[in-house]
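Student: I would like to see how this sequence folds:
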Amino acid sequence: MSSYPTWVAEGRQQPRVVVLAAVNRPRVAAEMEQIEAILAESAEIVAVDRDESFDFDGADVDLVVVLGGDGSILSAARRMRFNQLPVLGVNLGRLGFLAALGTEELEQNWPLVCQGQCPVDEHVMLLCELRPAETQASQYSQSWQHQQLALNEAAILGGPPFSMMQIDLYVDDHLASSYPCDGLIVSTPVGSTAHNLSAGGPILHRRLEAVVISPISPHTLTMRPVVDHVDRVFEMFVRQGNPSVSAVIDGRVMGTLREGDCLRISKAPVSFKMIRVAGKNEYRTLREKLGWGGNPRKKSSRKQT
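Tutor: Below you'll find the model as predicted:
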């Protein structure tokens, strides 16, 4: 789903912007002054957050500009929690699937963003909750003591002594499968090019309302990745594990899981919002970031975008 920025609908000429700057990255520190000058020409900069101290609860902000890499954008999504604001990522990191603009591209496109000419795409997020084994069924609604939002993926991963796990997956209270594996990933379309791709899962279009379930090194070769609709409840129970088994959300440990514990995953009540800039599309990103250029025998006469 796509929409257009709120400040345009309200008749305001300039958006109110908070800049999240990963100043531990050398490129961010080096280009910070130049980028601030570009942003200030067309927007009101409410804050420049260099140490993750900005409080998004009740913040009067229209747009978040993230300077860094994809990890910085994942951090921004986690910090905004249920108050998701439109994000524009400036890639001053390495790969940059989400943070797609360079500094020169920012200078060209920033006036268009502030004029409301770039739509806001909404992407699926996951609500991840832990349920301890000892909780009784009658206490189900009160049992979710830990909650986190995921933009990329939620996974159960093993640790030392790195023995094989047994994970039962239930979908809408029905047993889907029991996985003897090294881990199990439930990925969003945005995260399908992350851990899911490394585990052999498919790449999904970012705006699909879907998830990918990908086992890591399954002991049974017929267990393949599965694509399902996001409007379902996925429960992963650890039936056999070790003390190091963890629930990992977007690369961060949410908590350890003992045998019988459950990681429950459902569609989040909020979406991740990202500014879409003209000339940037998913296939172009895949060509550039994954080296999909190929070696065609004949030069195509079609314009590449």
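Student: CA atoms for contacts and neighbours, from now on please.
Tutor: Noted.
Student: Tell me the secondary structure of residue 134, please.
Tutor: Of the three states, residue 134 takes coil under DSSP: H, G, I helix; E, B strand; the rest coil.
Student: okay, now it: neighbour count?
Tutor: Residues lying near residue 134 (other CA atoms under 10 Å) number 9.
Student: Could you list the single helix or strand in the protein with the lowest mean pLDDT?
Tutor: The helix or strand of the chain with the lowest confidence, counting by mean pLDDT, DSSP states H and E, is strand 2-3 at a mean of 75.
Student: now for that one, which elements pack on it?
Tutor: Packing contacts for strand 2-3, counted by 3 or more CA pairs under 8 Å, 6 or more residues apart in numbering; DSSP states H and E, involve strand 120-123.
Student: Which strands border the strand it packs on, and is each parallel or antiparallel?
Tutor: Here strand 120-123 is paired, per DSSP bridges, with strand 2-3 (antiparallel), strand 272-275 (antiparallel).
Student: quick check, distance from the least confident helix or strand of the chain to the centre of its chain.
Tutor: Taking CA atoms, centre = their mean, to the nearest Å, one finds strand 2-3 lying 18 Å from the centre of the chain it belongs to.
Student: in the very next helix or strand once past it, what counts as buried?
Tutor: Heading C-terminal from strand 2-3, the first helix or strand you meet, by DSSP states H and E, is helix 6-9. The neighbour-count check on helix 6-9 (16 or more other CA atoms under 10 Å) flags residue 7 as buried.
Student: Which neighbouring elements make contact with the helix or strand just after helix 6-9?
Tutor: Beyond helix 6-9 in the direction of the C-terminus, DSSP H and E gives the next helix or strand as strand 16-21. Here strand 16-21 touches strand 44-49, strand 63-68, going by 3+ CA pairs under 8 Å, 6+ apart.
Student: For strand 16-21, what does the pLDDT average out to?
Tutor: The average pLDDT for strand 16-21 rounds to 96.
Student: Can I get that strand as CSV, trimmed to CA atoms?
Tutor: Backbone C-alpha positions of strand 16-21 (Å, rounded to 0.1, in the frame of the first residue of the first chain) are rendered in CSV as follows:
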residue,chain,number,x,y,z
ARG,A,16,9.5,18.5,10.2
VAL,A,17,12.5,16.1,10.1
VAL,A,18,14.6,14.2,12.7
VAL,A,19,18.0,13.0,11.5
LEU,A,20,19.3,9.7,12.9
ALA,A,21,23.1,9.7,12.3
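Student: List the contacts of that strand.
Tutor: Residues from elsewhere that reach strand 16-21 (CA atoms under 8 Å, 6 or more residues apart in numbering): 28, 32, 43-52, 60-68, 76.
Student: Got phi/psi on residue 113?
Tutor: Summarising the backbone geometry of residue 113 under the convention degrees, to the nearest 10, its torsions are phi -60, psi -50.
Student: mind checking how far it is from residue 134?
Tutor: To residue 134, residue 113 is 51 Å away according to CA to CA, to the nearest Å.
Student: just residue 28 next, same as before
Tutor: Spatial separation of residue 28 from residue 134 under the definition CA to CA is 47 Å.
Student: cool, and residue 192?
Tutor: 33 Å.
Student: now residue 257
Tutor: Using CA to CA, residue 257 is found at 12 Å from residue 134.
Student: My read is that residue 183 contacts residue 165, right?
Tutor: Yes - contact between residue 183 and residue 165 holds when scored by CA atoms under 8 Å: they sit 7.1 Å apart.
Student: so which of the helices and strands packed on strand 16-21 is the most packed in?
Tutor: Compared across those, strand 63-68 shows the largest average neighbour count, a mean of 25 (mean count of other CA atoms under 10 Å).
Student: Counting by contacts, list what it packs against.
Tutor: With contacts defined as 3+ CA pairs under 8 Å, 6+ apart, strand 63-68 has these neighbours: strand 16-21, helix 70-80, strand 87-91.
Student: Spatially nearest residue to residue 79 (excluding sequence neighbours)?
Tutor: Counting by CA to CA, 6 or more residues apart in numbering, residue 56 is the residue found nearest to residue 79 once chain neighbours are left out, at 7.4 Å.
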